[in-house]
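[1] sequence first, then the predicted structure, then my questions.
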Amino acid sequence: MGQSGNSTATTESGHPDTVFQVVFAVYTGFIVAGTATTVVEPNVPSTIALVGTAFAAFLAGAAVGVVLTSRLPGLPVWLGRTWPRRVTIAVSMVLLFLAALVSVAGAVESRFGLVALGSTFGVAISGLIVARCAENRYVDAITCDEPLEAWQWEPSSSVKHDRLLVFAWGSLAIIHGVSGEPLTAVTWAGFATSVAASGPARGRVEQWLPGESDTPPEVRVYGTGIVATRPYMQRFASWESVSHVRLRNDELVVDRGFFDWRFDRDELEDPEAVLAAIERRLENVGSR
């Protein structure tokens, strides 16, 4: 997962940090493994041989990912700069998902569906983590100085709900696996894994990593924009993208078109001070 804080997007040697290299390598590994095994599956009679093919393809894809991040040190910041670029990270799973649907419809053998569906979840989950890391690296790059002002933020969390879903869907995966329904088992296992991974990817590390974090949730004001930070997650909004800010009875709203930020009033240390600071920055931007 991407680390928060003011680390730069690349190391002093000009290469991407190890965390991004690893998660990107896993992502490209799943893409190549899923694509290769889905293509060759009809011609591989042995399941063991198919697993071996998937493993070899995963290693080859991971190697490609390592090479790409080594040759393109600016890749994480470039990917994290805009949301369309982050969304495209998951586009590669679409064809695999469609292949899985074809299998579910009964057009091809179920083993083909298992490969396609498992690969879809692998690409989706690793792609989510890559997108989060990339966004964090972009925020680090554009806010390399200390914040002008910062306030504590205690975002609401659905830890119990997520844990319940992971337990319920994981149990269904085991039940269907024991009952000899592998396609259904993989589906429920994929859902459970997705929930388990999405919580920390959205900064809710208390789900699986209890205790104090080195990066407490904060709302930070920089010369370039405003940042909402949580452990392993940072969101950035440039001042040019913010049209208005308002404090209602129950929440602080940062208007950004279709991508408004909303903070419950009780979650912020000093909502009035946050409002005043943002208004001052918007006035400065408007006077330029």
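    It's in. Numbers count the residues shown, from 1 in each chain.

[2] mind listing the helices for this structure?
    18-40, 47-71, 75-80, 83-88, 93-104, 110-142, 159-178, 182-201, 271-286 (DSSP state H).

[3] highest mean neighbour count out of these?
    Of all these, helix 110-142 has the most neighbours on average by mean count of other CB atoms under 10 Å, namely a mean of 24. No exception for glycine: its C-beta is placed from N, CA and C like everyone else's.

[4] how far does it sit from its chain's centre?
    Here helix 110-142 is found 7 Å from its chain centre; the criterion is CA atoms, centre = their mean, to the nearest Å.

[5] what's the answer for stretch 50-57, then?
    Per CA atoms, centre = their mean, the centroid offset for stretch 50-57 relative to its chain is 26 Å.

[6] if we can go back for a sec, got the helices of the chain as JSON lines, with distance to W239 and mean pLDDT columns?
    Listed next are the helices of the chain as JSON lines, based on distance: least, CB to CB, whole Å; pLDDT from 0 to 100:
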{"stretch": "helix 18-40", "distance to W239": "27", "mean pLDDT": "89"}
{"stretch": "helix 47-71", "distance to W239": "31", "mean pLDDT": "91"}
{"stretch": "helix 75-80", "distance to W239": "18", "mean pLDDT": "92"}
{"stretch": "helix 83-88", "distance to W239": "18", "mean pLDDT": "86"}
{"stretch": "helix 93-104", "distance to W239": "35", "mean pLDDT": "68"}
{"stretch": "helix 110-142", "distance to W239": "12", "mean pLDDT": "85"}
{"stretch": "helix 159-178", "distance to W239": "33", "mean pLDDT": "87"}
{"stretch": "helix 182-201", "distance to W239": "27", "mean pLDDT": "81"}
{"stretch": "helix 271-286", "distance to W239": "4", "mean pLDDT": "87"}
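
[7] residue contacts, the residue lying closest to M93 once chain neighbours are set aside?
    Nearest non-adjacent residue to M93, counting by CB to CB, 6 or more residues apart in numbering: V123, 4.0 Å away. The contact partners of V123, taken as CB atoms under 8 Å, 6 or more residues apart in numbering, are Y27, F30, I31, G34, A90, S92, M93, L96.

[8] could you do W83 as well?
    By CB under 8 Å, 6+ apart, W83 lies in contact with F259.

[9] check R262 and give its pLDDT.
    The model reports R262 with a pLDDT of 90.

[10] what's the burial count for it?
    Other residues within reach of R262, judged by other CB atoms under 10 Å, total 12.

[11] that one is in contact with E251, isn't it?
    Yes. Between R262 and E251 a contact is recorded at 5.3 Å, counting by CB atoms under 8 Å.

[12] just to check, V40 is in contact with G52?
    No. Using CB under 8 Å, V40 is not in contact with G52, being 11.0 Å away.

[13] gap between the closest residue to R86 other than its chain neighbours and F30?
    Leaving aside its sequence neighbours, R86 sits nearest to A131 (CB to CB, 6+ apart; 4.1 Å). Distance of A131 to F30, given as CB to CB, to the nearest Å: 14 Å.

[14] and stretch 263-276, how far apart are its ends?
    Distance across stretch 263-276, first residue to last, is 15 Å (CA to CA, to the nearest Å).

[15] what does that stretch rub up against?
    For stretch 263-276, using CB under 8 Å, 6+ apart, the contacting residues are 149, 151-156, 219, 228, 245-252, 254.

[16] what subset of those is buried?
    Among the contacts of stretch 263-276, those classed as buried by 16 or more other CB atoms under 10 Å are E149, W151, W153, V219, A228, V245, L247, E251, L252, V254.

[17] narrow those to those in strands?
    Counting by DSSP state E, the buried ones among the contacts of stretch 263-276 place E149, W151, V219, A228, V245, L247, E251, L252, V254 in strands.

[18] the residues you listed: which two are farthest apart?
    Spatially, the most separated pair among these is E149 and E251, at 19.7 Å (CB to CB).
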